[in-house]
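Undergrad: I'd like to go over a predicted model; first the sequence, then the structure.
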Amino acid sequence: MLFAEVSLKRRHFLAASLATSAAALAHRSAAQTPATGQREFYQLRRYILQSGPQIALTERYLSDALIPALARRGMGPVGAFRLDIGPETPVTYVLIPSRSIDALVTLDLDLARDAEFLKAADPFWSAPANAQAFVRVEVSMMAAFEGWPRVTPPQPPLAHGKRIFQLRTYESPSFRDHVLKVEMFHAGEFGIFQAAGFQPVFFGDMLIGPRMPCLTYMLCMTDMADMDAKWNAFRSDPNWKKLSADPKYAFEPIVDNITNLFLSPLAVSQI
């Protein structure tokens, strides 16, 4: 009964958050929304680990238990990544897309009732206190941007070759400025990324998580040198110079902090 009450409260809270976000963005014209399709929701899990057995145990949990359980629920493609460059390592990130926010909110409660999942997950799920499977898990919830409503896995040759991912979070000093920054993406920034050669994976508006108001997005490229070349192309693009100088967005710094993380895909990753 307690689980049901908690689940209901979480769903109501998320629904209210999403409604607020949608209302704030509703003034955008249809012309500013280049893509169509049902808007996804994302759960981004951050597994904080210790060097040693926890790393292999977590990867086995993802490959043998969690990702198969998500597939049975129609969730995917699932991204699983190792943090290569960031404030603390080892850390594993898991990106879970779903068309249902309720399914993401209640996912752990649902998994706790899944006998097939629990059997496969047991070494990780039931690890004793003196041999923990992880230090902590942090979870964020996002709504896909209206103009980029679905996860887009890398296309060939990156799909099966060498690739790295850049996970970027933009924090804004106010909710007004956050909405304006999201609007900039719909006003042309998506196309500028693509013209520079980036392969964007997702764009997410944070509903529940740290450092709000903020947005998070992911880009894919071959390596660090490839990333530098693409960012140089982005910054020198005349369309970016025009967009970033538009008084509508340039009247004050609408982003006051940017976090950059560099990730590599685990073997089990579907992205």
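TA: All right, it came through fine. The structure displayed is predicted, hence computed values, not measured ones.
Undergrad: give me the number of residues near residue 194?
TA: 11 (other CB atoms under 10 Å). (C-beta placed from N, C-alpha, C; glycine too.)
Undergrad: as a whole number, average confidence for the helix or strand harbouring it?
TA: Element membership of residue 194, judged by DSSP states H and E, is helix 190-195. The average pLDDT for helix 190-195 rounds to 98.
Undergrad: roughly how far is whichever helix or strand comes after it from the heart of the chain?
TA: For helix 190-195, the following helix or strand on the C-terminal side (DSSP H and E) is strand 199-208. How far strand 199-208 lies from its chain's middle: 5 Å, per CA atoms, centre = their mean, to the nearest Å.
Undergrad: How about stretch 236-250?
TA: In terms of CA atoms, centre = their mean, the centre of stretch 236-250 is found 26 Å from the chain centre.
Undergrad: What lies in contact with it?
TA: 180-181, 183-184, 187-189, 191-192, 195-196, 234 (CB atoms under 8 Å, 6 or more residues apart in numbering).
Undergrad: Save the residues you listed as a markdown table, and put in distance to residue 95 and neighbour count too.
TA: Listed next are these as a markdown table, based on distance: CB to CB, whole Å; neighbours: other CB atoms under 10 Å:
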| residue | distance to residue 95 | neighbour count |
| --- | --- | --- |
| 180 | 26 | 18 |
| 181 | 21 | 19 |
| 183 | 24 | 19 |
| 184 | 23 | 20 |
| 187 | 26 | 20 |
| 188 | 25 | 18 |
| 189 | 21 | 22 |
| 191 | 23 | 15 |
| 192 | 23 | 22 |
| 195 | 25 | 15 |
| 196 | 23 | 19 |
| 234 | 23 | 18 |
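Undergrad: What segments of the stretch 51-200 of the chain are strands?
TA: With DSSP state E, counting those that start in this stretch as the criterion, the stretch 51-200 of the chain has strands at 79-85, 91-98, 136-144, 164-171, 199-208.
Undergrad: returning to what we had before: pick the one among the contacts of stretch 236-250 closest to residue 112.
TA: Lowest distance from residue 112 to the contacts of stretch 236-250 (CB to CB) belongs to residue 181, with 37.5 Å.
Undergrad: Distance-wise, check the residue lying closest to residue 46 once chain neighbours are set aside relative to residue 50.
TA: Nearest residue to residue 46, sequence neighbours excluded (CB to CB, 6 or more residues apart in numbering): residue 138, at 4.3 Å. For residue 138, the distance to residue 50 equals 15 Å [CB to CB, to the nearest Å].
Undergrad: where in the stretch 51-200 of the chain is pLDDT low?
TA: For the stretch 51-200 of the chain, applying pLDDT under 70 flags no range at all.
Undergrad: quick one: the helices in it?
TA: Per DSSP state H, counting those that start in this stretch, the stretch 51-200 of the chain carries helices over the ranges 53-61, 67-72, 101-105, 107-111, 115-125, 175-184, 190-195.
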